[in-house]
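Asker: Following is a predicted model, sequence given first.
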Amino acid sequence: MRIVLIGPPGSGKGTQSKRIAKRLDIQHISSGALFRIAVLAGST
């Protein structure tokens, strides 16, 4: 299952996605965290 939440900064995407993940017992993946990891690893 894939659920994508979009919205402006501060709209609660992270909060709601964590709640949905907990309720549905699925993994929460933060795209922002993935981008930060890629930048730190030197990915272009």
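Answerer: It's in.
Asker: State the pLDDT value of the most centrally placed residue in the chain.
Answerer: Residue closest to the average C-alpha location in the chain (Cα atoms, centre = their mean): Ser30, at 2.2 Å. On pLDDT, Ser30 comes in at 89.
Asker: How about it, nearest residue that isn't a chain neighbour?
Answerer: Gly14 (6.8 Å; Cβ to Cβ, 6 or more residues apart in numbering). All C-beta spots, glycine's among them, are computed from the backbone N, C-alpha and C.
Asker: Ser43 versus that neighbour, what's the distance?
Answerer: Counting by Cβ to Cβ, to the nearest Å, the separation of Gly14 from Ser43 is 22 Å.
Asker: Which one's more surrounded, these two?
Answerer: Gly14 (14 against 8; other Cβ atoms under 10 Å).
Asker: Name the helix or strand of this structure that has the lowest mean pLDDT.
Answerer: helix 31-40 (a mean of 90; mean pLDDT, DSSP states H and E).
Asker: chain center to that helix, what's the gap?
Answerer: Chain-centre distance of helix 31-40: 11 Å, with Cα atoms, centre = their mean, to the nearest Å.
Asker: and Ile29, how many neighbours?
Answerer: Ile29: 10 neighbours (other Cβ under 10 Å).
Asker: tell me the mean pLDDT for the helix ranked longest in the chain?
Answerer: If you go by DSSP state H, the chain has its longest helix at helix 13-24. The average pLDDT within helix 13-24 is 95.
Asker: Tell me the buried residues in that helix?
Answerer: Lys13, Ser17 (16 or more other Cβ atoms under 10 Å).
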